[in-house]
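*Asks:* Could you look at this predicted model? Sequence included:
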Amino acid sequence: MVYFINDIITGALIGLLYSLVAMGFVVIYRASKVFNFAQGELVIIGGFIVWYTTMQVGLSLWLSIPLSLVLAGLVGYLIERIFLTKLIGESVFSMVMVTVGLLILLRGLVLLLFGPAVRPFPIIFPLKPLFLGDMLIPMNLLIGGIITIVAAIGLSWFFNRTRSGLRMTAVAEDHVVASSMGISVKGSIAFAWVLGAILSTIGAMIFLSGKSLTFLASDIGFAALPVALFAGLESIGGLILAGVIIGIVQSLTTNYLDPLIGGSLGSVVPYIIMLAILLIRPTGLFGWRTIERV
Amino acid sequence: MTYKTRLGLRGLLAAGAIAVTAAMPIKAQAETTYNLALLSDFSGPYADIMPVLAGGREAVFTWWNATRGKELGVTLNFKNYETRYDAAQVASLWPGIKSELNPIAVVGLGGPDVAALSERLPEDKIPMFMATAGYGFAWKADAWIFNPRPTYSHESAGFLAWMKEQRGGDEPLKFAVMASEASPAYVDMAKGLELHAEENPEELELVEVIYTEVQPTDLTAQMRRVARSGAEALIIQTNTSIVVAAKRGLQANGADIPIMMSSHNGLPASGGALGGLEQLEGDYEAYGMAIAAEEDTTARQFYETLAADHGLEAPWNVVTAMGVSQGLYTVTVIQHAIEKNGAEGLTGELVREALFAAPITTEETFGFLPTLSFTPEAPFPLEGLKVNVGTVKDGKIVIEATGVDVPNIHKW
């Protein structure tokens, strides 16, 4: 029974990591209605920035972490300025296609700049897990879970309670209307990309702490995709619940069903949940239902 | 000297030259060229090791052209094709490769090449030579794709048998396996061992097969289960990232279970990804190929020749050894085919026939591979199978055992 509970807790914490990465999807979507397919690539860009400042430049973690977050934000800003700003007012489809192109470009850029070698990622969180009696909780996931919940609360407050957040929501509704109301569409979208890149870098630190770094780490973007769609692409608070549900189901499937069937159902089950929820409720659990007058 | 004399002297010289040329061995006269297609992954999951592996095999082709090929009057041209380790990419590239090169052999990389070309190569009558161990799903008669090593399951079974012998006692050796459904080859590695353990309960006890992603999020809980089950070895023949995550999981649990890796994710690659070889002190790599260790061996001496005289820049490690092994058994088979059929008119079919006609001796591959006797029954040698075991001692890779017998494994 202890192991079962432990598997639930670990699953929930892994789910919260997915939620954090998915938060990048949601922040950008809420500000621009653009689904960023290159979210996983933002995670590895963030990961490589942390690796570079720590392992190559030799900065202490206290310096490299804030510096990496600033640099990641800058990368997000540059991506928006170079590739997306000229598409403001164009169809959302064009912007989405740009993110598909970004996915390929960023992956290639990482290979070009850093090479294909598997590199040791710095140990940011303690490797020793937290022991609670017979239960064992990985520290990186535990601290990551706390960060995710704090980030979700902060971002929910920002989007729902502040003028800047509400402006971003207005931008997502319609670029032209928002612009005519005096809202800086460019500024809002750029801010969303900065935020998305910073969240991805935090995700990279939790995901990769003490492990290895390659461009394969971008796969976590796809792992976070079911969480974002399950929660609904507009809901930051919903990501927490969706992440926890998907993480727990995945953990139990991996630990109890996979050994029986001799397969990797655990890696498929989040997508099954995602497809099921999209069939029943296309906007996700907490997505906005749009009423349009024709 | 009169004009007539000069003319006569010239005629004499010309006649002499013709006579000398005619008297020369036939093999030194002609310069026949054949093409090899090299399938590579410079931008996919094995991009980290590809430059080194490619360096090893290309250096062998260069060496062969300069030495044995020169004697035989044959040059092997080669060209790399980027597959991204993707079966769809291989399948789409293949018609173009065939029409561009008309190769007498393909030098492959891994599972996606096998998946994409296993139906095509018998039709096109072009053999493919791999670097890696074989796969259970490709264990079929009349193959056109060949591995110098038996399956990964054979290699890990050989290691486990050796480990049990080292441990002593009658109790079956408990072990766990890490696998991933990201690649059919990764699943295959586990399936073969599962069957082997099932058929030999007095020798082995498989405590768990853990399936995970190629870049796992966290394996601490899984490693705790492995530790609590009393596993004495953990087999990881998938990739480096899984080795790193498993090692971190074991360290978090304070568990000291030795990990056995393969050649493509071996001690240098995984040690590098963990931050240093010392992290893998007491862990192992095992495969049917020379261990690239500190010791001075025939294989190492040949590597030094390639490095000194044939432009090999890759360091002395397991991946270079894998590329060199692949190159060596490929050129040896081609050489056997030339010796039997002559330099002219060599085809892929004749190269394949030569593979079955005579063993490739360990001397011909400078000790990189054991003597290989291929038969039409399987894509890899089925008899005389051996593995070598390397480990890390005091932060250095050393040879722990050589010529370890591989137990008989049934098809799965």
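*Replies:* Ah, there it is. Numbers count the residues shown, from 1 in each chain, chains lettered A, B, ... in the order given.

*Asks:* Pull up the gap between B:A66 and chain A, please.
*Replies:* Distance from B:A66 to chain A, counting by C-beta to the nearest C-beta, to the nearest Å: 30 Å. Just so you know, the C-beta spots here come from the backbone N, C-alpha and C atoms, and that holds for glycine as well.

*Asks:* Surely that residue touches B:L306?
*Replies:* No. Counting by C-beta atoms under 8 Å, B:A66 does not reach B:L306; the two are 10.7 Å apart.

*Asks:* Tell me which of these two has more neighbours.
*Replies:* B:L306 (23 against 12; other C-beta atoms under 10 Å in any protein chain shown).

*Asks:* Could I get the average pLDDT for the helix or strand harbouring that one?
*Replies:* Using DSSP states H and E, B:L306 sits within helix B:298-309. The average pLDDT within helix B:298-309 is 96.

*Asks:* Check what contacts it and list those residues.
*Replies:* Applying C-beta atoms under 8 Å, 6 or more residues apart in numbering or on different chains, the contact partners of helix B:298-309 are B:56, B:59-60, B:63, B:66, B:290, B:292, B:312-313, B:316, B:320-321, B:324, B:366-368.

*Asks:* For PyMOL, write a command that selects the buried ones of these.
*Replies:* Here is the PyMOL command that picks out the buried ones among those, judged by 16 or more other C-beta atoms under 10 Å in any protein chain shown:
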select buried, chain B and resi 56+59+60+63+290+292+312+316+320+321+324+366+367+368
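
*Asks:* In helices, which of the contacts of helix B:298-309 fall?
*Replies:* B:G56, B:A59, B:V60, B:W63, B:A66, B:T320, B:A321, B:V324 (DSSP state H).

*Asks:* B:Y85 looks like it's in a helix, true?
*Replies:* No. Under DSSP: H, G, I helix; E, B strand; the rest coil, B:Y85 sits outside any helix and is assigned coil.

*Asks:* so what's it up against?
*Replies:* Taking C-beta under 8 Å, 6+ apart, one finds B:D41, B:G44, B:P45, B:Y46, B:L109, B:G110, B:P112 in contact with B:Y85.

*Asks:* Can you say which helix or strand has the closest residue to chain B within the stretch 101-250 of chain A in it?
*Replies:* Ranked by C-beta to the nearest C-beta, the top residue of the stretch 101-250 of chain A for proximity to chain B is A:P116, at 3.2 Å. Following DSSP H and E, there is no helix or strand that holds A:P116.

*Asks:* which residues are contacting stretch A:140-154?
*Replies:* A:10, A:12-14, A:16-17, A:19-20, A:23, A:124-126, A:130, A:199, A:202, A:206-207, A:209-210, A:236-237, A:239-240, A:243, B:217-218.

*Asks:* ok so, going back, these two touch, right, the residue of the stretch 101-250 of chain A closest to chain B and A:V110?
*Replies:* No. Counting by C-beta under 8 Å, A:P116 stays clear of A:V110, with 9.1 Å between them.

*Asks:* Against A:L106, how distant is A:V100?
*Replies:* 11 Å (C-beta to C-beta, to the nearest Å).

*Asks:* shared neighbours, those two?
*Replies:* Taking C-beta under 8 Å, 6+ apart as the criterion, A:V100 and A:L106 both touch A:A38.

*Asks:* Between the two, which is the more surrounded one?
*Replies:* A:L106 (20 against 13).

*Asks:* neighbours around the nearest residue to the more buried one once chain neighbours are set aside, how many?
*Replies:* When the adjacent residues along the chain are set aside, A:L106 lies closest to A:E41, with 3.8 Å between them (C-beta to C-beta, 6 or more residues apart in numbering or on different chains). Using other C-beta under 10 Å, A:E41 has 26 other residues around it.

*Asks:* same thing with A:L16?
*Replies:* 25.

*Asks:* Okay, it and chain B: tell me how far apart.
*Replies:* Where chain B is concerned, A:L16 sits at a distance of 11 Å (C-beta to the nearest C-beta).

*Asks:* Near chain B, which residues of the stretch 51-200 of chain A? Just list them.
*Replies:* Selection of the stretch 51-200 of chain A residues close to chain B by C-beta under 8 Å from any C-beta of the partner chain yields A:108, A:111, A:115-120, A:127-129, A:136, A:138, A:140-141.

*Asks:* From these, list the buried ones, please.
*Replies:* A:L111, A:P116, A:A117, A:V118, A:R119, A:P120, A:L127, A:P129, A:L136, A:P138, A:N140, A:L141.
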